[in-house]
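**Student:** Dropping the sequence and predicted coords here.
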Amino acid sequence: MKISANLLKVATAVLAITFAGPTMAGAAKIAIIGGRTDDPFFAIVKRGIDDAAKIVESRGGTVNYLALQTYDNIGSDAAALIRTAVSQGSTGIAAPNWVPDAEDPAFKAATDAGIPIMVYNSGGTDKAKELGAINYVGTEDYVAGLAAGEYLGTNKVKNVICVNTVPGAANLEARCKGISDGVTKAGFKSTQLPLPASSFGDATAVSEAIKATLAKDTTIDGVVTMGNQDASSAALAIAQANAQDRVKLGTFNTDQASLDRIKQGTQMFAVDQQGYLQGFLAVFLLESYATYGMKSPTMPILTGPAVVDAKNVDATLAGVAAGVR
């Protein structure tokens, strides 16, 4: 709570200095598309969105969070939510660009309607520029994957599987590609383990798939999952396969369970993309642009990646306790 309160205080102070009185032509209606409400990572993103919404609401505006219900058809469903935001008369729309082929036409429909857009969490700088977005807030997923792969390679992890529970999602495919390139650079190898999108959130399905893969190939000595929820499933699979001595576990995103495993030595690392900042900054910057014409001079605004391991895990724990990491 302390971290989010401080960010809110700083942002409010900046606005108070910059704008002495109400100058906006009309109250902003910000729509932000995001992941499922039971997705642990997007729960952190939503915390940032909610804190930024307090600033928007203090200026007479509104923030509407439009959540995916499933990840089975992530691209088409996200596109439908973007179009819903357009039809609702939003004055600014922020959304991840998970599946560009499906979502790009919806983003274009927004810009054609004169609505400024922000790409966040997934898509990257080049795609944001192509779509005419005011900025990109998040990590470059390939760069994040590469950082994980190089970390694994440096630590002599030689045969890595990248567990992807939403195959086809551009951000997750880019992470797995980065892991593969980073590991290959060190002279080792990595392959992707794609699971049906319906397995997302199904801890048993993910655990059983990883356990079966480890039993089939006993040379595998590294498992990387795309989110902290799947990391818990992977940890269980590794334990049930009696492979703790040979298999190193890594994941993207952080939570209490992952950090506890890092401290205990049963998880090697986590790559933090700081989802709280993604949600907060996407809303705050988009509304500031829509209301006051403020635009950041830098693009992109990167929130990661940061590798958390045994050396720096203690510094991350306060953020997890506050619900922002």
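**Tutor:** Okay, I see it.

**Student:** the helices in this protein, which residues?
**Tutor:** Using DSSP state H, the helices of the chain run over residues 2-18, 40-58, 74-87, 100-112, 124-131, 141-154, 170-185, 203-216, 228-240, 256-264, 275-292, 314-321.

**Student:** and the gap between Phe42 and Leu302?
**Tutor:** 19 Å (CB to CB, to the nearest Å). Just so you know, the C-beta spots here come from the backbone N, C-alpha and C atoms, and that holds for glycine as well.

**Student:** More neighbours: which of the two?
**Tutor:** Higher neighbour count among Phe42 and Leu302: Phe42, with 24 against 17, using other CB atoms under 10 Å.

**Student:** any low-confidence regions in the stretch 101-250 of the chain?
**Tutor:** Along the stretch 101-250 of the chain, no part satisfies pLDDT under 70.

**Student:** Deepest-packed of the helices of the chain, please.
**Tutor:** Highest mean neighbour count of the helices of the chain: helix 275-292, a mean of 26 (counted as mean count of other CB atoms under 10 Å).

**Student:** helices or strands up against that one?
**Tutor:** helix 2-18, strand 29-34, helix 40-58, strand 92-95, strand 117-120, strand 136-138 (3 or more CB pairs under 8 Å, 6 or more residues apart in numbering; DSSP states H and E).

**Student:** which residues touch Gln192?
**Tutor:** Gln192 makes contacts with Ile161, Cys162, Asn164, Pro167, Cys176, Ser180, as judged by CB atoms under 8 Å, 6 or more residues apart in numbering.

**Student:** hmm, 10 Å instead?
**Tutor:** By CB atoms under 10 Å, 6 or more residues apart in numbering, the contact list for Gln192 reads 160-164, 167, 172-173, 175-177, 179-180, 224.

**Student:** now Ala174
**Tutor:** Contacts of Ala174 by CB under 10 Å, 6+ apart are Ser122, Gly123, Gly124, Thr139, Glu140, Asp141, Tyr142, Val143, Ala144, Gly145, Leu146.

**Student:** For the residues you listed, name the two members farthest from one another.
**Tutor:** Maximum pairwise distance among the contacts of Ala174 (CB to CB): 17.3 Å, between Gly123 and Leu146.

**Student:** Spatially central residue for the chain, please.
**Tutor:** Here the mean C-alpha position of the chain is nearest to the C-alpha of Asn121 (CA atoms, centre = their mean), at a distance of 4.8 Å.

**Student:** Next one: that residue from Gly227, what distance?
**Tutor:** 12 Å.

**Student:** what does Arg175 give?
**Tutor:** For Arg175, the distance to Gly227 - CB to CB - is 10 Å.

**Student:** what sits in contact with each of these two?
**Tutor:** With CB under 10 Å, 6+ apart, Arg175 and Gly227 have common neighbours Phe252.

**Student:** Please look at Gly75 and Ala95 and confirm they touch.
**Tutor:** No: counting by CB atoms under 10 Å, Ala95 is not a contact partner of Gly75; they are 11.3 Å apart.

**Student:** Spit out the residues that contact the two alike.
**Tutor:** With CB under 10 Å, 6+ apart as the test, Gly75 and Ala95 both reach Glu103, Ala106.

**Student:** Just the mean pLDDT for stretch 77-95, thanks.
**Tutor:** The average pLDDT within stretch 77-95 is 98.

**Student:** can you tell me the distance between the two ends of that stretch?
**Tutor:** End-to-end span of stretch 77-95 (CA to CA, to the nearest Å): 12 Å.

**Student:** what about that stretch, distance to the chain center?
**Tutor:** 19 Å (CA atoms, centre = their mean, to the nearest Å).
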